[in-house]
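*Asks:* sequence? don't have it. structure:
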């Protein structure tokens, strides 16, 4: 079953890459192109990850736990692009974008340390990683959201939906981690793999579509707004 | 002979670094300075690579093949700078530059995976890497070239020359790879080393000079153009 | 004693992170926020490093020398942020900032090579790393300083103080290296650890405060300057 889930990962990410890649090639303007390109590379990196895992690579028995440490290598490259999606849509400042990328890198690196460390040191790193995760969530729902709403006052709903989706999905990752062999060992190997695969598909392909939908809505609202400026009621 | 070629690499790259470094220190303006600095670091990184290899480092027997895996570590750092040379000369957009850097990183990382994987998995990664390479070539000869020509309509020849040189040289790398011990094992160790060394010198020192020449020509053409605006024939 | 010094490192960097983190949350404007965020991440990365070392991680016996190779991994991430502090305060150009970051990365990577190489190869890398260090120092006291002084003609003292502090502290690192087990083996393990810990605290927490003080002085001088424009003596 582990193997099946990994190949499901390969093909889902390949389909995601193809869709976003064609989108990028045919994007109507630079803004759409950049968003498509970000989503394309997010899926392409994940596709490479699943291909490696499906061929039995990037995996070692670490302190008695069979561990796909390669996940962390690719997450280190794909998660910043996911956050750039958000920063790009919200037209975030350098301070907000930089803090988000920093907190995220800290979260992935300490999560990696947790995964390759023996007990009980791995629990220390797990707590550090969760701390960085909470910091990233705080940054998203406070400074990021406030800034995005200030710059798009009519599109508050768009950002609330986007953030809710993002925060819910990302929160499930540390839960899988602590339930799997890395933590309390409640999930079997194939359940762990299924969990991560489903989360990856939703958080990468699914989030990609949501980000495109968000840009569409932001443009619609901006258009309505600028049209209204010429309406009698606005004068 | 392997050793000789490696020391040839060290000294060629050292000479390249010195020339471009002095060029950077004495550059007439910021534009020239940036181009010189890029070429300086490209050669300096390669110089460090050849020094490591000449001292017998960065090499392991991987699945029976003596492999300089360190090449990929340094290529991962020097190839983005080479593409920044091109993006800088062509005044490329964020979308084009980002896509190029992404495709290049994917090519190097999957090439590295090919090099450290057992047969037949290494051939899967070789194909993935060639796919990323073809994507990079497509990006260069279509969106990159179109954009560069739009921004420099009188300098089409400059970019054609630059791209032809770049594409031809880069195409020879995967050919050496597949003929060497990593692939069909036709080339001897010293032939493989000679091949990579010559390619590295041409694609780094040689390409550096070509990029400087291109900037010179772009400035000449721009000057002629702006001079012509004041000529009677232009009125 | 090694252990005590490592925990001193953990707590000093934690206090530094807290102070700069709260500063970032309450910064009066974007400029202060960015500077606080840079210093926050510099201390946070160092805090993670000392935590790992205090728990006995990131250390191996390399060619008979017990070596905390993990220092180089974290220095590779924190030193660019320190240089960005300087580049941010001095409003440095792309050419100067890029050269500084490049020379610094070369210094850290070749220092890492020195640390994990057998004698006498490690001395070759040590010299390469010192060469990159001297290049970075040259870049700071010449092009960086000249540019910063041109853009802040009334604040020469601020930059001289900042640079003197930075250069003196950074010069002590290679001296500890060559006196420790990595070089002439004059320092004991606990003296080496004490040396690096004190240097890290001064160069990260101490330098952070100095950078904030510098920004304060730059703003004061700019204010005085703009106030003077309205004074009778200026008319």
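*Replies:* Right, received. Where do you want to start? Note that the coordinates shown come from a computational prediction; the quantities given were computed from them, not determined experimentally.

*Asks:* every contact and neighbour count from this point should use C-alpha atoms.
*Replies:* OK.

*Asks:* close to chain B: what parts of chain A are there?
*Replies:* Residues of chain A found near chain B (Cα under 8 Å from any Cα of the partner chain) are A:30, A:33-34, A:37, A:41, A:45, A:55.

*Asks:* hmm, which of these are the buried ones?
*Replies:* By neighbour count, with 16 or more other Cα atoms under 10 Å in any protein chain shown, the residues of chain A next to chain B hold A:33-34, A:37, A:41, A:45 as buried.

*Asks:* circling back to that earlier point, in TSV, list the residues of chain A next to chain B along with distance to chain C, secondary structure and pLDDT.
*Replies:* Formatted as TSV, the residues of chain A next to chain B follow (distance: Cα to the nearest Cα, whole Å; DSSP: H, G, I helix; E, B strand; the rest coil; pLDDT from 0 to 100):
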residue	distance to chain C	secondary structure	pLDDT
A:30	24	helix	94
A:33	26	helix	97
A:34	23	helix	97
A:37	25	helix	98
A:41	24	helix	98
A:45	22	helix	97
A:55	29	coil	96
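
*Asks:* between these, which is nearest chain B?
*Replies:* residue A:34 (5.5 Å; Cα to the nearest Cα).

*Asks:* now do the contacts for the closest one.
*Replies:* Counting by Cα atoms under 8 Å, 6 or more residues apart in numbering or on different chains, residue A:34 touches A:24, B:94-95.

*Asks:* please apply the same query to residue A:102.
*Replies:* So residue A:102 contacts residue C:41 (Cα under 8 Å, 6+ apart).

*Asks:* what's the distance between it and chain B?
*Replies:* 20 Å (Cα to the nearest Cα, to the nearest Å).

*Asks:* number of residues surrounding residue A:29?
*Replies:* As a burial measure, residue A:29 scores 9 neighbours (other Cα atoms under 10 Å in any protein chain shown).

*Asks:* any idea how far it lies from residue B:87?
*Replies:* 19 Å (Cα to Cα, to the nearest Å).

*Asks:* ok, now residue A:24?
*Replies:* 19 Å.

*Asks:* check residue A:188 too.
*Replies:* Residue A:188 is 49 Å from residue B:87, by Cα to Cα.

*Asks:* distance of the residue most central in space within chain A relative to residue A:210?
*Replies:* For chain A, residue A:82 is the residue whose C-alpha lies nearest the centre (Cα atoms, centre = their mean; 4.6 Å). Distance, residue A:82 to residue A:210, by Cα to Cα: 12 Å.

*Asks:* do the same with residue A:53
*Replies:* Distance of residue A:53 to residue A:210, given as Cα to Cα: 27 Å.

*Asks:* quick one: which of those two has more around it?
*Replies:* Remark: of residue A:53 and residue A:210, residue A:53 carries more neighbours, 22 against 18, as counted by other Cα under 10 Å.

*Asks:* list the contacts for that one?
*Replies:* By Cα under 8 Å, 6+ apart, the residues touching residue A:53 are A:6, A:59, A:68.

*Asks:* quick one: contacts for residue A:132?
*Replies:* Residue A:132 neighbours (Cα under 8 Å, 6+ apart): A:103-104, A:106-107.

*Asks:* which SS class is it?
*Replies:* helix (DSSP: H, G, I helix; E, B strand; the rest coil).

*Asks:* what's the closest non-adjacent residue to residue A:189?
*Replies:* Using Cα to Cα, 6 or more residues apart in numbering or on different chains and skipping residues adjacent in sequence, the residue nearest residue A:189 is residue A:2, 7.0 Å away.
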